[in-house]
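1. Next come a sequence and a model predicted from it.
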Amino acid sequence: MKISLPNYVKLVLDKLKTKGKAYVVGGALRDLLLHGQSHDYDIATSLVPSEVSLLFKEYKQINNLGIKHGTVSVVVLKEVVEITTFRCDLEYVDGRHPTKVLFTDDLSLDLKRRDFTINALAYNEEEGLIDLVGGLTDLNNKVIRTVGKPLLRFKEDYLRILRGLRFSSKLGFKIEDNTYEAMKLLALNVNKYIAKERINKEFCGLLLGNYLKDVLILYKDVACIIFPYLANVEISKIDILPIDLELRLAYILTNTSNYKDVLTDLRFSNKIINNVCFYLKYLNFDLDSNLYQYKLLLQEGKNKDLVYNLFTLISIMKNKDISKSLLIIDNIINNKDALNIKDLAINGNDLLKLNLSGKRIKEVLNKLLELVLKEELINNREELLKKALEL
């Protein structure tokens, strides 16, 4: 089997093969076989990290923290390639990490330590595709199956249970029966042993998959063990949602009262938490509201894209026509209507000259903004100063 590789990957392989063995492995190879293209290439080699680093001494090397785990990251033709020494693991003791990782020059040991068969393939142009565990068959049959015994593989690293769900959501593959049974038996251990940051990463990948709906139908029991709030999700419309993380988070948390706590516990950024909370707070926004209410919505949303996304969510979940609402928002933006104090034609310095000071200045500016938002006052310097004197 001949697989077309990018020039920068060929360069890395050729250079490594002057001193040892080297292969394209992992998700990059899987995606190449599936789609004919890939990103983020991983190379496995018989060379130890010090040998790799020396061999690529004329190239920029980044992320030196990976070296202790056997990985050297090299920039070649402006692309980053991760080069990792063949490894075999000793006993796992904490459901996540082996007691020790040993380097080896045996490719078969490296491939047989991997999570799923579809990720345990290797390739170079001289030897072709190397498949020791039936990965190509599973890839062709669209099956997710562990390398070796499922219970043993998941007990080594419980994060693999989440990775199985993510791959199913991303690729649309079915999870092999024995593999899934083991996932069900051990799913409770994910939250017990795995760091929230790692769970977050896999959860995001799960939510952004094209086949999320299928996962929540076929494998809902495992998903709900790890993420209990998924039990409340209305599955029927989830595939209509745009592939947008914040919108999908809002959708799945619609019936979860402590949604902010859930997002915080999963270590989402403040930006994502605030945006998702905005969507959920205004999910029942009345599209027949007056202009003032629309301005307040845009004021809190801080940008039109967030409000547009809110209306998209309302359209899908409430079956509402949002065309007029989008037009209202566009008109507010195009008219450059004042939405915040900084948009007023006067500022605090102007009020100082009227002998106002301290908290009173903020109170007057807020009141002026309210009147402007309600269109009871024109955002004009003279009118605002005149009104300020009356307040």
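-> Perfect, I can see it now. Computed from a predicted model, the values in this text were never measured in an experiment.
2. and Leu13, that's in a helix?
-> Yes - judged by DSSP: H, G, I helix; E, B strand; the rest coil, Leu13 forms part of a helix.
3. From Lys112, how far off is it?
-> According to Cβ to Cβ, to the nearest Å, Leu13 stands 22 Å off from Lys112. (Each C-beta comes from the backbone N, C-alpha and C, glycine too.)
4. Comparing the two, which residue is more hemmed in?
-> Under the criterion of other Cβ atoms under 10 Å, the comparison of Leu13 against Lys112 puts Leu13 first, with 23 against 14.
5. which residues does the more buried one contact?
-> Leu5, Ala22, Tyr23, Val24, Ile43, Asn124, Glu125 (Cβ atoms under 8 Å, 6 or more residues apart in numbering).
6. Can you say which of those are buried?
-> Buried subset of the contacts of Leu13 (neighbour count, 16 or more other Cβ atoms under 10 Å): Leu5, Ala22, Tyr23, Val24, Ile43, Asn124.
7. Pick the one among these closest to Lys196.
-> Ile43 (30.6 Å; Cβ to Cβ).
8. wait, doesn't that closest one sit right on Phe86?
-> No - contact criterion Cβ atoms under 8 Å: Ile43 and Phe86 do not qualify, at 10.9 Å.
9. still on that earlier bit, quick check: strands, which of the contacts of Leu13 are part of them?
-> Judged by DSSP state E, those include Ala22, Tyr23, Val24, Ile43, Asn124 as members of strands.
10. In space, what's closest to the third one - neighbours in sequence excluded?
-> Spatial nearest neighbour of Val24, chain neighbours left out: Tyr123 (4.9 Å); criterion: Cβ to Cβ, 6 or more residues apart in numbering.
11. what residues are up against the one you found?
-> Per Cβ under 8 Å, 6+ apart, neighbours of Tyr123: Met1, Ile3, Tyr23, Val24, Val25, Leu29, Leu129, Ile130.
12. Make a markdown table out of the residues you listed and add pLDDT.
-> Shown next, in a markdown table, are the contacts of Tyr123 (pLDDT from 0 to 100):
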| residue | pLDDT |
| --- | --- |
| Met1 | 76 |
| Ile3 | 90 |
| Tyr23 | 97 |
| Val24 | 96 |
| Val25 | 96 |
| Leu29 | 94 |
| Leu129 | 96 |
| Ile130 | 97 |
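13. Next, give me the two most distant ones among these.
-> Met1 and Val25 (15.1 Å).
14. Which one of those two is surrounded by more residues?
-> Val25 (26 against 8).
15. How about the contacts made by that one?
-> With Cβ under 8 Å, 6+ apart, Val25 has these contacts: Asp42, Ile43, Ala44, Asp110, Leu111, Leu121, Ala122, Tyr123.
16. quick one, phi/psi of the fifth one?
-> In this entry, Leu111 is assigned phi and psi values of phi -70, psi -40 (degrees, to the nearest 10).
17. Which residue is the nearest non-sequential neighbour of it?
-> Ala120 (4.6 Å).
18. There's contact between the one you found and Arg114 in this structure, I believe.
-> Yes - the pair Ala120 / Arg114 is scored as a contact, 4.2 Å apart, by Cβ under 8 Å.
19. any shared contact partners between the two?
-> By Cβ under 8 Å, 6+ apart, the residues touching both Ala120 and Arg114 are Val147.
20. between those two, who's got more neighbours?
-> Ala120 (26 against 20).
21. what pLDDT does that one get?
-> Model confidence at Ala120, given as pLDDT, is 97.
22. next one: Leu354
-> So, for Leu354, pLDDT stands at 89.
23. Which residues are in contact with it?
-> So Leu354 contacts Leu385, Ala388, Leu389 (Cβ under 8 Å, 6+ apart).
24. Repeat the analysis, applying 10 Å as the threshold.
-> Ile346, Ile361, Val364, Leu385, Ala388, Leu389 (Cβ atoms under 10 Å, 6 or more residues apart in numbering).
25. Could you tell me which of those count as buried?
-> Ile346, Ile361, Val364, Leu385, Ala388.
26. From the centroid of this structure, which residue is nearest?
-> Cys204 (3.8 Å; Cα atoms, centre = their mean).
27. Distance of that one relative to Val372?
-> 41 Å.
28. Work out for me the element Leu371 sits within.
-> helix 359-373 (DSSP states H and E).
29. Name the residues that touch that helix?
-> Helix 359-373 has contacts (Cβ under 10 Å, 6+ apart) with 291-296, 299, 337-352, 354, 356, 376-380, 383-385, 387-389, 391.
30. So which of those sit within helices?
-> If you go by DSSP state H, the contacts of helix 359-373 have 291-296, 299, 348-352, 383-385, 387-389 in helices.
31. Is there a quick PyMOL command that grabs whichever of these are buried?
-> The buried residues among the ones in helices among the contacts of helix 359-373 can be selected in PyMOL (16+ other Cβ under 10 Å) with this line:
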select buried, resi 294+295+299+350+351+383+384+385+387+388
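32. Turn the ones in strands among the contacts of Leu13 into CSV, columns for distance to Leu216.
-> As requested, the ones in strands among the contacts of Leu13 are exported to CSV (distance: Cβ to Cβ, whole Å):
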residue, distance to Leu216
Ala22, 40
Tyr23, 36
Val24, 33
Ile43, 35
Asn124, 39
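33. How about the contacts made by Cys277?
-> With Cβ under 10 Å, 6+ apart, Cys277 has these contacts: Ala250, Leu253, Tyr259, Lys260, Leu263.
34. Next, it: secondary structure please.
-> Classified using three-state DSSP, Cys277 is helix.
35. and the gap between it and Ala338?
-> Counting by Cβ to Cβ - Cys277 and Ala338 are separated by 25 Å.
36. try Gly164
-> Distance from Gly164 to Ala338, by Cβ to Cβ: 52 Å.
37. ok, back up a step: go through the contacts of Tyr123 and say which is closest to Gly70.
-> Of these, the one sitting nearest to Gly70 (Cβ to Cβ) turns out to be Val25, at 12.7 Å.
38. Please name the nearest non-neighbouring residue to the closest one.
-> The nearest residue in space to Val25 (Cβ to Cβ, 6+ apart) is Ala44, at 4.4 Å.
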